[in-house]
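Colleague: show me how the following folds:
(chains A and B)
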Protein chains: 2
Amino acid sequence: MNFSSKLLENAVNEFSKLPGVGQKTALRLVLHLLNQPDQIVTDFSNSLTKLKSGIRFCSNCNNISDHPICEICAGIKRDRTLVCVVEDTRDVMAIENTNQYQGVYHVLGGLISPMDGIGPSDLHIEKLIDRVKSGEIQEVILALSATMEGDTTIFYLYKKLKEFQVPISTIARGIAFGGELEYVDEITLGRSIVTRVPYENSFIK
Amino acid sequence: MNFSSKLLENAVNEFSKLPGVGQKTALRLVLHLLNQPDQIVTDFSNSLTKLKSGIRFCSNCNNISDHPICEICAGIKRDRTLVCVVEDTRDVMAIENTNQYQGVYHVLGGLISPMDGIGPSDLHIEKLIDRVKSGEIQEVILALSATMEGDTTIFYLYKKLKEFQVPISTIARGIAFGGELEYVDEITLGRSIVTRVPYENSFIK
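Modeller: The predicted model follows:
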């Protein structure tokens, strides 16, 4: 692109480093900000620098938090014997939104992915093992994505955790609510038949 | 969404004010930036504040520029008797990329749109009239979008400029190169038949 201004080009280049943002989208976003009052641009810019400098991670579960211990770990109604292992804070938010889970979390900060150079030591796995070892935890739920990386991580965690004799479960996989059978892929449908559940267990309490 | 951190929530809210960015996308972008080194976030944030404080608009054509007169208006090879009227700097970039135009530009800064409360006085129209009035310009090309707002603006500019006896043209509308007839909408196809051009004029020189 032929930019008429070096400052504009810099800003567009910075925006186009974001995932899923190309040069055209970046230009559209930058021109939008340029048309806004100074205060809005300053707020935008400050929110990022403050986030980066002020953000903390819960010393217990590694979830993003403004305090040393996050609100969930500090919550009085939470069941600390049940821990749900997730990839990142987005998954915590997704599960919290269901209002179906009253335990605590453990955020790994990623999944094992040799292709991207991410090994077990890059994730918060040792910390999880320490938590389980301490004897406080009575069940570990592995709520990871149903992808190659998710399955690899589940397998690794299972091998590491099974010696502690604590029940380890994974979240159920199957057809989604509202999903029509004919559009479901063969692997999901096949597995959902093999792992069928008694009808009386299929209701949400 | 249930955010575990106020700082995170602020940053996500700022991002989701951008056009076409919802809360989920905003969260993805913010978490991406959070995983980057401090320097990258600082660069990102600085590029915006510098842009907003340092940006200039060409005093001749209103295009975004780092100098009082933009590179196009100052260019020695440019034909200053030919002016192309466009909506914003993106259109200047798009036309420059074609390498088919050697004249100068006039950036309106928007289109007349009563629905959005944008009238002629909100755009750089007086300045265009002054440029035409000065007698320097020998042709005005109106290169505005083929939308309701574009057509309204073209009609307004035509009425304002015709008294100066300078030729006014609009860019050609018709089917795009590589476009298949059967997928073209009726209005475009109908117009492109009515405004057909002699075959020998249809080549790009």
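
Colleague: where in chain A is pLDDT low?
Modeller: Applying pLDDT under 70 to chain A flags residues A:202-205.

Colleague: from A:Thr170, how far out is A:Ser145?
Modeller: According to Cβ to Cβ, to the nearest Å, A:Ser145 stands 11 Å off from A:Thr170. In this view, the C-beta of every residue, glycine as well, is placed from N, C-alpha and C.

Colleague: so A:Ile135, which state does it fall into?
Modeller: Actually, residue A:135 is Gly rather than Ile. Assigned by DSSP: H, G, I helix; E, B strand; the rest coil, the conformation of A:Gly135 is coil.

Colleague: sorry, back to before: between A:Ser145 and A:Thr170, who's got more neighbours?
Modeller: Using other Cβ atoms under 10 Å in any protein chain shown, the more surrounded residue of A:Ser145 and A:Thr170 is A:Thr170, with 17 against 14.

Colleague: show me how far stretch A:11-24 is from its chain's centre.
Modeller: 23 Å (Cα atoms, centre = their mean, to the nearest Å).

Colleague: center of chain A, which residue is that?
Modeller: A:Asp88 (2.6 Å; Cα atoms, centre = their mean).

Colleague: could I get the phi/psi values of it?
Modeller: A:Asp88 adopts backbone torsions of phi -150, psi -180, taken as degrees, to the nearest 10.

Colleague: wait, what's in contact with the residue lying closest to it once chain neighbours are set aside?
Modeller: Leaving aside its sequence neighbours, A:Asp88 sits nearest to A:Val107 (Cβ to Cβ, 6 or more residues apart in numbering or on different chains; 6.1 Å). Contacts for A:Val107 (Cβ atoms under 8 Å, 6 or more residues apart in numbering or on different chains) come out as A:57-58, A:61-63, A:86-89, A:91-92, A:124.

Colleague: helix, strand or coil for A:Asn13?
Modeller: helix.

Colleague: count of neighbours near it?
Modeller: The burial count for A:Asn13: 16, using other Cβ under 10 Å.

Colleague: in strands, which of the contacts of A:Val107 appear?
Modeller: A:57, A:86 (DSSP state E).

Colleague: mind putting the contacts of A:Val107 in JSON lines, distance to B:Phe3 included?
Modeller: As requested, those are arranged in JSON lines below (distance: Cβ to Cβ, whole Å):
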{"residue": "A:Phe57", "distance to B:Phe3": "14"}
{"residue": "A:Cys58", "distance to B:Phe3": "14"}
{"residue": "A:Cys61", "distance to B:Phe3": "15"}
{"residue": "A:Asn62", "distance to B:Phe3": "16"}
{"residue": "A:Asn63", "distance to B:Phe3": "11"}
{"residue": "A:Val86", "distance to B:Phe3": "16"}
{"residue": "A:Glu87", "distance to B:Phe3": "17"}
{"residue": "A:Asp88", "distance to B:Phe3": "13"}
{"residue": "A:Thr89", "distance to B:Phe3": "9"}
{"residue": "A:Asp91", "distance to B:Phe3": "14"}
{"residue": "A:Val92", "distance to B:Phe3": "10"}
{"residue": "A:His124", "distance to B:Phe3": "20"}
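
Colleague: who does the lengthiest helix in chain A touch, helix- and strand-wise?
Modeller: If you go by DSSP state H, chain A has its longest helix at helix A:38-54. Under the contact criterion of 3 or more Cβ pairs under 8 Å, 6 or more residues apart in numbering or on different chains; DSSP states H and E, helix A:38-54 touches helix A:23-34, helix B:6-15, helix B:23-34, helix B:38-54.

Colleague: is it true that the residue nearest to the centre of chain A touches A:Tyr105?
Modeller: No: under the criterion of Cβ atoms under 8 Å, A:Asp88 makes no contact with A:Tyr105, lying 10.6 Å away.

Colleague: A:Phe155 is nearest to which of the helices and strands packed on helix A:38-54?
Modeller: Proximity to A:Phe155 (Cβ to Cβ) singles out helix B:23-34 among these, at 25.6 Å.

Colleague: any residue of the closest one touching chain A?
Modeller: Yes: using Cβ under 8 Å from any Cβ of the partner chain, helix B:23-34 reaches chain A at B:25, B:27-34.

Colleague: what's the domain layout of chain A?
Modeller: For chain A, automatic domain parsing gives the domain ranges A:6-54, A:57-202.
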